[in-house]
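S.K.: Can you look at this prediction? I've put the sequence above it.
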Amino acid sequence: MARRAGDGRRRSTIREVADLAGVSVATVSRILTGDYPAAPDTRKRVLRAVEELDYVANAHARALAGTPAESIAIVLNSVISPHYAHVAQGVEAQTAVEGRLCLIGTTGGDPERELAMVKFMRAQHAEAVILVGNVVADGKYVQRMSQYAHALAAIGSRLVLCGRPPLGPDVPAVVVEYDNTGGAFAATSHLLSAGHERILCLGSRPGYTTAEGRVAGYRRALAAYRVPHDPGLEVEGTMEWHEGYRMMKERLDAGPRDFTAVFALNDLIAGGACRALADHGLAVPGDVSMVGYDDLQPSLDLNLTTVHLPHEEIGRTAVRLALEHSTTRGAPPHVVLSTHLVIRDSVRPHIS
C-alpha cells in the first residue's frame, strides 16, 4: 500500500517507479545509488519516472540512517591546507546561517576516495554535496561523477563543484568557480610588465584542473607579451611548501640560474621556494622576483605579491546556490567569482 506524505499527498513507491520505467526494482535502486553501469536509455527512463512520480527516498530509512536530513556535506582534499580550510569555513558559516548541519570528508586527493565519499554522503541524505578543489577529471571520473550528480538530483539533493570546471552541459551540478586562468594571467603579466621574460612556473601538474588552469593563464600572458614559451621553465610538483622547496632547490642545484622571476601556483609553493633561494644566498625581490596565488597567511609573511581568491565567499555561495536550486527546475547555476592581484613587495624591475 502506498504511503502518504505528511501533507496528505500520496507518496510514490519504488515499485511504481520501476513499473513506469519498465525495469526491475533492483535496477531503480542501483541507478539511484549512482554506481550502476546502466545503459543511457535505461538511466533516462528511470530518472524520468522518478521525476514524473515525484519519488523521494523513504523517510523512515533516513531516520534509521541516524543522520539528520537537513545537512550539507563538503568533500575536500585536506583540512590542513589554508585554501581548503578557508573554503570549508565559508561552507560551515553559511550552513549554520541556513539552519543546517555540516558534514566534512577528506580524500587526500584520491579520485576513487572522492567518488566513494560522494556515495556515502548521498546515503546520509545530505541536501547538497560540495566538492572542493583540484581533481584529475579524466573520462572515467567524469562519467561516474555525472552518474552521482543525476542520482543526487533524483532525490532532491544537489552536487556542487566548487573551484573546479563543469562536468558537462547535461549534468545537474551547480558550479561555483573563480577566474583561475585570469588570475594567473594577471600575475604573470605583472612580472612581464616589470621586464622579466625568463619566468619559472612552479607547480605544473598535467591533468589536474587547478594547476592546468593556472598554467594556461601563465602561457596566455607570455603569448600576449610575445615572449616565447619555454616548456623547460614549467616545473612539475604538488601545491605544498616542501614541494616548493624541492622544485627550487633542484633547479638551483642543476646549474646556473636561467630565470629572473618565479610564478608560484600557490603561496605555499612560494614559501618553500623562498626558503630554497635563501639557502643558496639569493633574496626576494633583490635577486629573484616572485608572485604567488591565494592571498593567504604565507603571502603576508613573505610580503608576497599574489592573486587574491574569495575563499570563504566561494564556500558561502556554494551553499546558497545549492539550497536555492534544490527547489527549482531548469539548468543549475554556474557562477564565476572574480580574482584580483594584490601588490606587495616581491617584484623588482628587471634590467637587462
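M.R.: The structure has been received and is ready for your questions.

S.K.: ok, Ile14 touching Thr27?
M.R.: No - at 10.4 Å, Ile14 does not count as touching Thr27 under the criterion of CB atoms under 8 Å. C-beta here means a position set from N, CA and C on the backbone, and glycine is covered the same way.

S.K.: Report the helix or strand with the lowest average pLDDT across the chain.
M.R.: Lowest mean confidence among the helices and strands of the chain (mean pLDDT, DSSP states H and E): helix 59-65, at a mean of 40.

S.K.: What is the very next helix or strand once past that one packed up against?
M.R.: Tracing the chain past helix 59-65, the next element assigned as helix or strand by DSSP states H and E is strand 71-76. Counting contacts by 3 or more CB pairs under 8 Å, 6 or more residues apart in numbering; DSSP states H and E, strand 71-76 packs against helix 82-97, strand 101-106, helix 111-123, strand 128-132, helix 311-325.

S.K.: residues of the third one that come out buried?
M.R.: Buried residues in helix 111-123, counted by 16 or more other CB atoms under 10 Å: Pro111, Glu114, Leu115, Met117, Val118, Lys119, Met121, Arg122.

S.K.: Next: stretch 74-86.
M.R.: Taking 16+ other CB under 10 Å as the criterion, stretch 74-86 shows Ile74, Val75, Leu76, Asn77, Ser78, Ser81, Pro82, His83, Tyr84, His86 as buried.

S.K.: what's it in contact with?
M.R.: 87-88, 91-92, 102-109, 114, 117-118, 121, 129-134, 239-240, 266-268, 294, 296-298, 309, 311-312, 315 (CB atoms under 8 Å, 6 or more residues apart in numbering).

S.K.: Tell me who's in contact with the most centrally placed residue in the chain.
M.R.: The centroid of the chain falls nearest to Gly133 when counting by CA atoms, centre = their mean (2.6 Å). Shown in contact with Gly133 (CB under 8 Å, 6+ apart): Leu76, Asn77, His83, Tyr84, Val87, Cys162, Gly163, Arg164, Thr210.

S.K.: Can you tell me what sits against stretch 294-304?
M.R.: Here stretch 294-304 has contacts from 82-83, 86, 241, 266-268, 270-271, 274, 284, 290-292, 306-309, 311, 342, 344-346, using CB under 8 Å, 6+ apart.

S.K.: actually stretch 207-219, not the one I wrote
M.R.: If you take CB under 8 Å, 6+ apart as the criterion, stretch 207-219 is touched by 133-138, 163-165, 180-188, 199, 201, 203-206, 229, 234, 239, 263, 265, 293.

S.K.: mind saving the C-alpha coords of that stretch as CSV?
M.R.: These are the backbone C-alpha positions of stretch 207-219, laid out as CSV (Å, rounded to 0.1, in the frame of the first residue of the first chain):
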residue,chain,number,x,y,z
GLY,A,207,45.7,16.5,-15.8
TYR,A,208,44.9,18.4,-12.5
THR,A,209,42.2,21.1,-13.1
THR,A,210,43.5,23.8,-10.8
ALA,A,211,47.1,23.6,-11.9
GLU,A,212,46.1,23.4,-15.6
GLY,A,213,44.0,26.5,-15.3
ARG,A,214,46.9,28.5,-13.8
VAL,A,215,49.4,27.2,-16.3
ALA,A,216,47.1,28.2,-19.1
GLY,A,217,47.0,31.8,-17.7
TYR,A,218,50.8,31.8,-17.5
ARG,A,219,51.1,30.7,-21.1
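
S.K.: Sort out which residues of it are buried, please.
M.R.: Tyr208, Thr209, Thr210, Ala211, Glu212, Gly213, Arg214, Val215, Gly217, Tyr218, Arg219.

S.K.: Break this protein into its domains for me.
M.R.: 14-53, 64-178+312-338, 180-309 (automatic domain parsing).

S.K.: Go ahead and confirm Ala18 touches Thr27.
M.R.: Yes - between Ala18 and Thr27 there is a contact under CB under 8 Å: 7.1 Å.

S.K.: lowest-confidence stretch among the helices and strands packed on strand 71-76?
M.R.: Ranked by mean pLDDT, those end with helix 111-123 in last place, scoring a mean of 85.

S.K.: Give the other helices and strands that that one contacts.
M.R.: Going by 3+ CB pairs under 8 Å, 6+ apart, helix 111-123 lies up against strand 71-76, strand 101-106, strand 128-132, helix 139-154.

S.K.: With distance to Ser338 added, can I get these in CSV?
M.R.: As requested, these are arranged in CSV below (distance: least, CB to CB, whole Å):
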stretch, distance to Ser338
strand 71-76, 22
strand 101-106, 26
strand 128-132, 19
helix 139-154, 26
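
S.K.: out of those, which comes closest to Pro333?
M.R.: Proximity to Pro333, assessed across the helices and strands packed on helix 111-123 by CB to CB, is greatest for strand 128-132 (12.7 Å).

S.K.: Output that closest one as PDB - backbone C-alpha positions only.
M.R.: Taking C-alpha atoms only, strand 128-132 is exported to PDB below (Å, rounded to 0.1, in the frame of the first residue of the first chain):
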ATOM      1  CA  ALA A 128      23.900  19.000  -1.100                       C
ATOM      2  CA  VAL A 129      27.400  17.500  -1.600                       C
ATOM      3  CA  ILE A 130      30.000  20.100  -2.200                       C
ATOM      4  CA  LEU A 131      33.300  19.000  -3.900                       C
ATOM      5  CA  VAL A 132      36.200  21.400  -3.400                       C
END
